[in-house]
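Visitor: Need a 3D model of the following:
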Amino acid sequence: MHKNQTLGEFIIENQSSFPYSSGELSSLLNALRLAAKVVNHEVNKAGLVDLFGNSGDINIQGESQQKLDIFANEIFIQALVNREIVCGIVSEENDEFIAINGSDKRHSSKYVVLMDPLDGSSNIDVNVSVGTIFSIYRRISPVGTPVTQEDFLQAGNNQVAAGYVIYGTSTMLVFTTGDGVNGFTLNPALGTFYLSHANIKFPEEGNIYSVNEGNYSNFPQGVKDYIKYCQKIEENRPYASRYIGSMVSDVHRNMIKGGIYMYPSSFPYPEGKLRLLYECNPIAFIVEQAGGKATDGKQRILDLKPNDIHQRRPFFCGNTEMVNKLENFIAKY
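Guide: Presented below is the predicted three-dimensional model:
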């Protein structure tokens, strides 16, 4: 791997390490790369073309949709449908899964994609980093038949690839195919992603904790105790609180700098707020591939068997030592 390697070159060079390598997965990643560039272009000029703010619509989660949520959703779906490389899509912005019939009507594609097209979109209005999260599975229904809901309700262990795009001071695409985590930074002048962060790993020790402390009073007692532990001023253990409110941004920083990200269950969200299939699972896959740990506080995220495409779950991920310590606090209750 070398620093001036493009994402396209990396995909071709490493195609043999992809599960079920057939060229389809490479095409799929290329479609996601293209969509990310289009969304990045719009994010960067959102204030100039009236893409700020609320669209007035409510999604299946009961959340207000931002104008850029809808735009990003359409761009990613369009990129995947046009190339005829997936048989189905689940998106945070759509109530039901989207079944895709190829032009030959034989449902011949092997992969399904689950995604959060624009994570943290309310931050767009105030010029704070946002992201896209995606997860790729091999379908379990027979090729040649219509896609089914069971194709999407797979445990995170079955993911063949997962990644995120972070639209920040620079735009990065970070992904894994189960063989480590690599990050590619977009050169906006050329419109090309270049390998900038090869084989990303969590630092041995972390000192950042990321959680919305405004919800502290609603958290389970074990999580409250862990936060108090993080706040203690002890020699050689300065824990800093850093919270952006865009999961992609918070997790990305903690993976580079070393830390833990927490989104516990709370009084308004007893099952947790983050969605298991297209937020927790892909991030958990990336975190584990980078040497970290991801849990719902009791179980490994990637072992959970989902029962609904919009299922929610408490989510904690980051430096393994920090997550183990948190689990110890939770286990007391």
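
Visitor: Need phi/psi at R275.
Guide: phi -80, psi 130 (degrees, to the nearest 10).

Visitor: So the closest residue to P306 other than its chain neighbours: helix, strand or coil?
Guide: Closest residue in space to P306, ignoring its immediate chain neighbours: L153 at 4.9 Å, by C-beta to C-beta, 6 or more residues apart in numbering. From N, CA and C alone the C-beta is placed, and that goes for glycine too. Of the three states, L153 takes coil under DSSP: H, G, I helix; E, B strand; the rest coil.

Visitor: Just the pLDDT at L153, thanks.
Guide: According to the prediction, L153 has pLDDT 98.

Visitor: Same question for N54.
Guide: 55.

Visitor: try the one 4 residues further on
Guide: pLDDT for I58: 59.

Visitor: Quick check: I140 touching Q149?
Guide: No. Using C-beta atoms under 8 Å, I140 is not in contact with Q149, being 10.8 Å away.

Visitor: where does the stretch 151-300 of the chain dip in pLDDT?
Guide: 234-237 (pLDDT under 70).

Visitor: Tell me how many other residues crowd P142.
Guide: The number of residues packed near P142 is 9, by other C-beta atoms under 10 Å.

Visitor: Show the backbone phi and psi for it.
Guide: phi -60, psi 140.

Visitor: what's the distance between it and V160?
Guide: With distances taken as C-beta to C-beta, to the nearest Å, P142 is found 18 Å from V160.

Visitor: go on, K201?
Guide: K201 is 21 Å from V160, by C-beta to C-beta.

Visitor: if you count what's nearby, which of those two comes out ahead?
Guide: Between K201 and V160, V160 has the larger neighbour count (other C-beta under 10 Å), namely 19 against 13.

Visitor: Which helix or strand contains the more buried one?
Guide: Element membership for V160 (DSSP states H and E) is strand 159-167.

Visitor: so what secondary structure elements neighbour that strand?
Guide: Helices and strands touching strand 159-167, by 3 or more C-beta pairs under 8 Å, 6 or more residues apart in numbering; DSSP states H and E, are helix 24-44, strand 130-138, strand 171-176, helix 247-257, helix 281-289.
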